[in-house]
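K.L.:
take a look and give me a structure for this.
(2 chains)
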Amino acid sequence: MEAWQQFYAGHGVDEMRQLSEVIRGTVWDALTEMGDEDPDATLANLTTPRHAKQGDLALPCFALAKTMKKSPQDIATDLARRVATVLTAIDGCSEVGSDGGFCNFYVDAQWLAGQTIRSILNDPDSVGHHRASSSLLIEHTSANPNGPFHVGRSRNAILGDTFVRMHRLAGDDVRAEYYVDDMGKQVGILAWSLANLDDDRVSEILAAEDMDEMPTHPHKEDHQRVRYYQAANLLKAVDPDVELGVTKLVQASEEADAEVLAIFESAYQPVLDGMLETLERLGIVFDSFTKESRFIVDGSVDVIMDRLSNSELHGTAENGAHYLELEDRGVQGKSTKFFYQRGDGSSLYATRDIAYHEWKWTEAQRLVNILGEDHRLQSKQVGIALDELDIRNPEVVFYAFTKLPDGKMSTRRGNVVYMDNLLDEACARATAIVKEMRGDLDSEELAKIGEAVGLSAVRYNIIRVSPEKGINFRWEDALSFDSDSAPFIMYSHARACSISRKLTTQGHDVKSLVANEVASGNWGGLSDTASALVKRIATFSEALDASIVNQRPNLFCSYLLSLATEYNRFYRDNHVLIDGEVNSQNLALSEAARILLSAGCSGLGIIPVESM
RNA sequence: GGGCGCGUGGCCCAGCUGGAUAAGGCGGCGGCUUCCUAAGCCGCAGAUCGCGGGUUCAAAUCCUGCCGCGCUCGCCA
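P.N.:
Predicted coordinates:
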């Protein structure tokens, strides 16, 4: 077990999990009686069956066949017989059976409803809390402030913000942090271009390469200044003076030259502000910004370099550059050396990153970094360096790139789809659809819902796929409002809201109806679809936790989609309002689902509108 | 060339700390609205889980070889 995974070894609160513990205990005893010498190993195979008819928990008995000299099915039958009386006598387990070599356990949906619906309705704010909370610093985005967000970069921001939200939903104390690269080559180029070029020159240079397109968002500085950045890059390729000028600036910044750092800041800050505006529209905000230069200015990078030189991995190159030899630490390839100090004594990006990590550990109990797959090696090198310095490693989430049909996105080359344009298009399309469906709403309401739907859809379409899987950007995929989408989930939530709203309009007191129902504790007569909904509801925290532990937001996406689907099925044949009469059992279920759908949406950055 | 990641129906994608009939969505075909939002629900068709070996009672899942795609191998960030 990785050290950080121990944070998850806490106690679950989900009833399903508690029940499974009870079942394990009883089965353990029975297995021992039956002659199983290692019941723990057998029980490790306890699974959740694929099909509802196979129960809610199942134990494969194949491995016991050899030692017990009986067929798996005979063992399963015997086991079921031994535990049936005890288990069905306890609350929560309605039936034990066996089939095809499995021993199947069925959860009592009535009991489960009593437990789980009550806790959700009584304490909706702690929904999703599943274990002891910890404080986290999640660093994400941290994009070079040289131009507008494009859809490739946005995967980091959306993924990162989703982790922030999921952790908060799980009860953690999270700080979202942006690491501002305020001293590298990229910013240097930007600063140089602003100091040495003007609008006409920029247009001229870009036009020569057929890149002189009118900015789609001229009022935003990120869209304006990226033209300077692109022009300077083009010029740099043909004019050595540019390289010289940039290098001079960058060197000065690395020596913590206050004047140059100030010039850099005035160059990038408006760009960064534009980028943050885009992110804010997506519901992504940061709690803190830390500048890279900070660790030069405060001298901590020098201390790091000093300490690294005492490492047994330390080496020195001919020109006085310092490195760690990582060959024996599992790094293979052409170069196994990790350089952390140039021949001239200055630091490198990765070195500052080490100082940054050391500082970050003073801020939180856990660190999470969201990084593109191009940072895999770098991250490994930094990790080994941290080991050498006795500094804990952070948790890292890597994601694969988003590609355009004609290749990798590049701000420098202008081969990009800007997030601002994607969001405009998504929200415009969504608004058009809402307008078509809801003739009763005024234009302000239409726009509000359209914006929520568009933004949520874009976010969902990015997080629904596993981070390590590459995405090929297609407009129709990015803008999809299909069944596997945020609007689908939002729609289910809006339905639940609609029911509650309707009752209130008719003069019913939803809260007290629900409170009375919960207090009565009578959950008899649940229909199949109601039972299925209850079971889905019961695994909310578990699904959230699994998504966090496995670092895969797409798992929680799937869960929430299933919850929405299950709610839709429930909705079909379990009416809350029947001929003006309220079925308060169905109301309680609907309300519990509404709370979970809303919380789940917030956890994924989907905006849970109450009407759509 | 070395390392890492990915490869699942026509398309997108889940499952990959091994377990029963590989889950969804799009597209295709066919149903369901006097009833709380049909952005919904139900059904049908469609899969040699990249290819070959191996381990196992059991492999999409683990090991191995190959093929394809991506990332990476800077005293750049």
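K.L.:
can you tell me the closest non-neighbouring residue to residue A:358?
P.N.:
residue A:391 (5.3 Å; Cβ to Cβ, 6 or more residues apart in numbering). From N, CA and C alone the C-beta is placed, and that goes for glycine too.
K.L.:
wait, I meant residue A:459
P.N.:
residue A:605 (4.8 Å).
K.L.:
and for residue A:22?
P.N.:
Using Cβ to Cβ, 6+ apart, the closest residue to residue A:22 is residue A:90 (6.4 Å).
K.L.:
about what we covered before: number of nearby residues for the residue nearest to residue A:358?
P.N.:
19 (other Cβ atoms under 10 Å).
K.L.:
same question, residue A:198
P.N.:
Count around residue A:198 with other Cβ under 10 Å applied: 11.
K.L.:
cool, and residue A:408?
P.N.:
Count around residue A:408 with other Cβ under 10 Å applied: 12.
K.L.:
how many residues are close by the closest residue to it other than its chain neighbours?
P.N.:
In space, and not counting its chain neighbours, residue A:408 is closest to residue A:401: 6.6 Å by Cβ to Cβ, 6+ apart. Look at residue A:401: counted by other Cβ under 10 Å, it has 15 neighbours.
K.L.:
list the residues that contact residue A:401.
P.N.:
A:152, A:155, A:372-374, A:408-409, A:470-471 (Cβ atoms under 8 Å, 6 or more residues apart in numbering).
K.L.:
can you pull out the helices in the stretch 1-150 of chain A?
P.N.:
For the stretch 1-150 of chain A, the helices defined by DSSP state H, counting those that start in this stretch occupy A:15-34, A:39-43, A:65-68, A:72-89, A:109-122.
K.L.:
now distance to residue A:458 and mean pLDDT too, for these, in TSV please.
P.N.:
Output for the helices of the stretch 1-150 of chain A, formatted as TSV (distance: least, Cβ to Cβ, whole Å; pLDDT from 0 to 100):
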stretch	distance to residue A:458	mean pLDDT
helix A:15-34	33	88
helix A:39-43	44	92
helix A:65-68	52	90
helix A:72-89	47	94
helix A:109-122	29	91
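K.L.:
how much space between residue A:26 and RNA strand B?
P.N.:
17 Å (Cβ to the nearest atom of the strand, to the nearest Å).
K.L.:
right, and that residue touches residue A:88 too?
P.N.:
No: using Cβ atoms under 8 Å, residue A:26 makes no contact with residue A:88, being 10.6 Å away.
K.L.:
tell me the residues of the stretch 151-300 of chain A that contact RNA strand B?
P.N.:
A:181, A:183-186, A:254, A:292 (Cβ under 7 Å from any atom of the strand).
K.L.:
go on, the stretch 501-612 of chain A?
P.N.:
So the stretch 501-612 of chain A meets RNA strand B at A:502, A:546, A:552, A:554-555, A:558, A:561, A:565, A:568-569, A:571-572, A:574-577, A:586, A:610-612 (Cβ under 7 Å from any atom of the strand).
K.L.:
so for the closest residue to RNA strand B within the stretch 151-300 of chain A, what's the pLDDT?
P.N.:
In the stretch 151-300 of chain A, the residue found nearest to RNA strand B is residue A:184; the distance is 2.8 Å by Cβ to the nearest atom of the strand. At residue A:184, the model reports a pLDDT of 85.
K.L.:
ok, now residue A:450?
P.N.:
Looking at residue A:450, the pLDDT reads 96.
K.L.:
am I right that it is in a strand?
P.N.:
No: Residue A:450 is assigned helix when assessed by DSSP: H, G, I helix; E, B strand; the rest coil, not a strand.
K.L.:
that one is in contact with residue A:428, isn't it?
P.N.:
Yes: counting by Cβ under 8 Å, residue A:450 sits close enough to residue A:428 to count as a contact (7.5 Å).
K.L.:
pick out whichever of these two has more residues nearby.
P.N.:
residue A:450 (22 against 15).
K.L.:
next, work out how far apart the residue nearest to that one when sequence neighbours are not counted and residue A:382 are.
P.N.:
Distances taken as Cβ to Cβ, 6+ apart put residue A:431 closest to residue A:450, at 2.7 Å, once the chain neighbours are dropped. Going from residue A:431 to residue A:382 by Cβ to Cβ, to the nearest Å gives 45 Å.
K.L.:
which residues in the stretch 201-350 of chain A form strands?
P.N.:
A:288-291, A:314-316, A:322-325, A:337-341 (DSSP state E, counting those that start in this stretch).
K.L.:
for those, give me a markdown table that also has mean neighbour count.
P.N.:
Formatted as a markdown table, the strands of the stretch 201-350 of chain A follow (neighbours: other Cβ atoms under 10 Å):
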| stretch | mean neighbour count |
| --- | --- |
| strand A:288-291 | 15 |
| strand A:314-316 | 14 |
| strand A:322-325 | 20 |
| strand A:337-341 | 22 |
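K.L.:
a markdown table please, covering these and showing mean pLDDT.
P.N.:
What follows is the strands of the stretch 201-350 of chain A, written out as a markdown table (pLDDT from 0 to 100):
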| stretch | mean pLDDT |
| --- | --- |
| strand A:288-291 | 97 |
| strand A:314-316 | 95 |
| strand A:322-325 | 96 |
| strand A:337-341 | 96 |
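K.L.:
ends of stretch A:86-93, what's the gap?
P.N.:
10 Å (Cα to Cα, to the nearest Å).
K.L.:
and if you look at stretch A:384-397?
P.N.:
The first residue of stretch A:384-397 is 17 Å away from its last residue (Cα to Cα).
K.L.:
tell me the phi and psi of residue A:180?
P.N.:
phi -90, psi 120 (degrees, to the nearest 10).
K.L.:
and what of residue A:131?
P.N.:
According to degrees, to the nearest 10, residue A:131 has phi -160, psi 180.
K.L.:
that one contacts residue A:545, doesn't it?
P.N.:
Yes: using Cβ under 8 Å, residue A:131 is in contact with residue A:545, at 7.0 Å.
K.L.:
which one of the two has more residues nearby?
P.N.:
residue A:545 (24 against 19).
K.L.:
quick check: the more buried one vs residue A:43, distance?
P.N.:
20 Å.
K.L.:
how close does residue A:419 get to residue A:271?
P.N.:
Taking Cβ to Cβ, one finds residue A:419 at 14 Å from residue A:271.
K.L.:
residue A:233 too?
P.N.:
To residue A:271, residue A:233 is 15 Å away according to Cβ to Cβ.
K.L.:
number of nearby residues for residue A:387?
P.N.:
14.
K.L.:
one more: residue A:158?
P.N.:
Residue A:158 has 29 nearby residues by other Cβ under 10 Å.
K.L.:
mind pulling up the pLDDT for it?
P.N.:
The model's pLDDT for residue A:158 equals 97.
K.L.:
can you tell me the SS state at it?
P.N.:
helix.
K.L.:
next, residue A:217: phi, psi?
P.N.:
phi -130, psi 70.
K.L.:
what's the spacing between the residue nearest to it when sequence neighbours are not counted and residue A:327?
P.N.:
Distance criterion Cβ to Cβ, 6+ apart; nearest residue to residue A:217, sequence neighbours excluded, is residue A:223 at 4.5 Å. Noted for residue A:223: a distance of 46 Å to residue A:327, by Cβ to Cβ.
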